[in-house]
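Participant: pasting a predicted model and its sequence here:
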Amino acid sequence: MSEPPGGPPDDKADDKAPPQRVRVTSPRASAGRPRRVKVVSEIDARTRIGEIYMSSLLRAQLRLASQVIVTVGVLVAGLPLFFWAFPGLPKIHVLGMPLPWVLLGFAVYPFLFGVGWWYVRAAERNESDFADVVERS
Amino acid sequence: MNSSYGITAVALVAVATLAIGAYGWKFSRTTSDFFVASRSVGPALNASAIGGEYLSAASFLGVAGLVLAFGADMLWYPVGWTAGYLILLVLVAAPLRRSGAYTLPDFAEARLESRLVRSFSSVLVVAIGWLYLMPQFQGAGISLGTVAGTDPWVGGLLVGTVVLVNVFFGGMRSITLVQAFQYWLKLTALLIPVMFLLAVWNGDGATSPADAGIITGGVPGDVWASPLASTSPHPLYATYSIIVATFLGTMGLPHVVVRFYTNPDGRAARRTTLVVLGLLGIFYMLPPVYGALGRLYAPDLIASGATDTIVLELPSRMIGGLGGDLLSALTTAGAFAAFLSTSSGLTIAVAGVISQDVMGRRFRGVRAFQAAAIVAVVVPLLLAVVSDGVGVARAVGLAFAVAASTFCPLLVLGIWWRRLTDVGAIAGLLVGGGLSGFAVVDTLLQHEHAGWTGVLLTQPAAWTVPLAFVAMIAGSLMTQHRLPPNVSRTMVRLHTPEAVELDRGPQRP
C-alpha cells in the first residue's frame, strides 16, 4: 500500500487494520436534528446492517432466478425424459404434426419468452423495493 | 441453380454491409466507440444487433441440415440456443453490465482482483473465438462453392475481408448498425421463401414428412420424426449433453458477452435480453421447416452429405424458373449475412482481448485494436483453409461446450457466490477448459471411438460442466484466506440498481 505524500504519519506502519473512518460533518448539520443514518451509508460503511440489506437483495434475486431455472429445467429440459418414458407420443398428431415437433418446434419459444417477461418484471420490482428501503432514512 | 443470381445476392450483401458500416464510421472517434459503441445503444437496436450477431452459419444453414439428416433430436439445438438466453437473462445480464467491464477478462480481474485469472480468461476467449470463427469461414466457403462453384477458400476470404474492413474503420459503433440490419435480412431471407415453399407443398397434396411411407436415406418418416430414435448409441445422454452445452454455453460466448457492455445500464441489459429472446424464437421456428420439406423434395442431399446446403437449394428445386432462382438468391444472401455478422462480432471480441492483454503494453487505443483485428481474422482463416471441413454445426457445438465448461461457472459463481477465490477460479478453468479442450481436439482430429468413449468425447458438456463447477467450488473452499479484499464492494456494484447512490468502488468510464 502506498501512502500519498503528506498523509498522516501514524498510518504508515499500520498495514493490517484499515485506516479509521473519520466522520466529517458540519457542526450545524449534526446539531438540532435527530441522528438518523440512511441504509445507503450503512452499506457504504460495510456495517452489519448494511450487509444484511445487501444479502437480502441478493437472496431475493437468486430465489427469483432459481424459480425460472427450476421451471425451465422441469418443463423444457424434462421433455427428453418425458419422450423417453412415453414412446407413443410421436403417434399423437396435433395440427398435422407429431406432438414432439409441436412442442420443440413451436410451442417452446412463446413459453420461454413468457417466462423471461415474468422474470424481468419481478427482478425490476425487487430492485425498486430495495431502492425504496435503502433510500428512506 | 442459376449462379449469376446467387453471386449478385452475395455481392449485394457485401456492399450493403460496407455501406451501412461506412455510415457508422462517421461516428467512430474514440476508443470507447470502437470497443462498446460508447455504451449508448438502446434496447431495440441492441437486441436486433445481438440477434443478428448470434444467428450464425450454424443457425441459418446447420439446423435445417441437421433436422433433414437426423430428425427430431436436432430440434434441441435451436431450443437450447434460445433457452441459453433465458439462463443468461436470469443469472448474468444485469450484473455483468453493472460490473462495468469491457471484456470477460476485465470481469474476471475486477471480481477476483487477480491478474493471473485475467490471463487464463484471455487465453480462453481467444480459443473459443477462433473455434467459432473457423466454421464461419468454412461455411462461407461451402456456400459460395454451392452457388458459384468457387474453391472452398474463396468464400472464407471474402467474408474475412469484408469483416476486417468494417471492424478496421468503424469498430463496435458501425458493427451495431450492420448487425441490426443483418438480423432482419436473415429473418426475411427465411420467412418469404418458406411461405412460397409451403404453398407449393400444399398444392402437391401436403404429404407429411413424418409419414411412415416416406423412406428417405433408408429411414422411414415416422422413425425420423421420433425423438431419441437417432443413430447415436446413447440418444438420451447425447440429448442431455446438447441441452447442458447450449443452455449454459451461451453466457460464456465472448461475442455474446461483449454486447452487454453496450447497454446504458443493468435494467436496459435485462430488457435487451428479453427482446432478443423474442427475436430468436421467431427466427428459430423457420429452419426446421426447411429440413422437414427437404425430406420430400431433396432426399439426395442426405446421400451426398451436403445437407448443410438445403436452405440454399430448396427454393430453386421446389419452384422452377426465375421465381425459384430469385428465392434461392434470397436465402444465399441471408446465409452471407449470417457469416458476416457472426464473424464481425467474434472479431470484435477477440480483437478487444488481444489488444488489451497481448499488445496493450506497446500499442495503445485504436491502433492496437486495428492491429489485433487483423490477427483475430487471419489465424482462423488459415485454420479454415488448412483443416479439411469438420462440419459447421459440429465445430460450433464444441465451442458451446468449451464456453459452458469454463466461463459459465466463472460467471455464475463470480456473480452469486461471495466465497469464490482466485485459486478456485483457476482450478475450475483448468479442469473445465482442459477436459473440454481435450474432447475438442480429439473430435477435430476425427478419432473414432466405439461405444461410450465416443459419445462422451463428441458430446462432452454433460460431464465437463459439473466437474468444472466442482473444481471451482472445492478450490475456493480450500483457499478461503485468499478471498478478494473488496468482494463486498464488488457485490454492491454487481447487484444494486444504478439509481441508488452507493459507493461502488473505482468505476471504469
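Facilitator: Received the coordinates, thanks. Numbers count the residues shown, from 1 in each chain, chains lettered A, B, ... in the order given.
Participant: avg pLDDT for the helix or strand harbouring A:Gly73?
Facilitator: Using DSSP states H and E, the secondary-structure element containing A:Gly73 is helix A:48-75. Mean pLDDT, taken over the full extent of helix A:48-75, equals 92.
Participant: show me how far it is from its chain's centre.
Facilitator: 6 Å (CA atoms, centre = their mean, to the nearest Å).
Participant: ok, stretch B:207-224 next?
Facilitator: Using CA atoms, centre = their mean, the mean C-alpha position of stretch B:207-224 is found 32 Å from that of the whole chain.
Participant: anything in it near chain A?
Facilitator: Yes - under the criterion of CB under 8 Å from any CB of the partner chain, stretch B:207-224 makes contact with chain A via B:Ser208, B:Ala210, B:Asp222. Backbone N, C-alpha and C define where each C-beta goes, glycine included.
Participant: which of those residues has the most neighbours?
Facilitator: The most neighbours of any of those, using other CB atoms under 10 Å in any protein chain shown, belong to B:Ala210, which has 25 neighbours.
Participant: confidence score at that residue?
Facilitator: In this model, B:Ala210 is scored at 82, pLDDT.
Participant: any residue of the helix holding A:Gly73 up close to chain B?
Facilitator: Yes - if you take CB under 8 Å from any CB as the test, helix A:48-75 does meet chain B, through A:Glu51, A:Met54, A:Leu57, A:Leu58, A:Gln61, A:Leu62, A:Leu64, A:Ala65, A:Val68, A:Ile69, A:Val72.
Participant: roughly how far does B:Pro209 sit from B:Pro254?
Facilitator: The gap separating B:Pro209 from B:Pro254 is 37 Å, by CB to CB, to the nearest Å.
Participant: so these two - more neighbours on which side?
Facilitator: Under the criterion of other CB under 10 Å, the comparison of B:Pro209 against B:Pro254 puts B:Pro254 first, with 27 against 22.
Participant: looking at the residues of stretch B:207-224 next to chain A, spot the one nearest chain A.
Facilitator: For these, the residue nearest chain A by CB to the nearest CB is B:Ala210; the value is 5.3 Å.
Participant: which of the three states applies to that closest one?
Facilitator: Assigned with DSSP: H, G, I helix; E, B strand; the rest coil, B:Ala210 falls in the coil class.
Participant: now do the contacts for it.
Facilitator: Listed by CB atoms under 8 Å, 6 or more residues apart in numbering or on different chains, the contact partners of B:Ala210 are A:Pro90, A:Met97, A:Pro98, A:Trp101, B:Gly221, B:Asp222, B:Trp224, B:Ala225.
Participant: and for the residue of chain B found nearest chain A, the neighbour number?
Facilitator: Taking CB to the nearest CB, chain A has its nearest neighbour within chain B at B:Gly281, 3.1 Å off. Taking other CB under 10 Å as the neighbour definition, B:Gly281 ends up with a count of 21.
Participant: surely it touches A:Ala107?
Facilitator: No - the pair B:Gly281 and A:Ala107 fails to qualify as a contact (CB atoms under 8 Å) at a distance of 10.5 Å.
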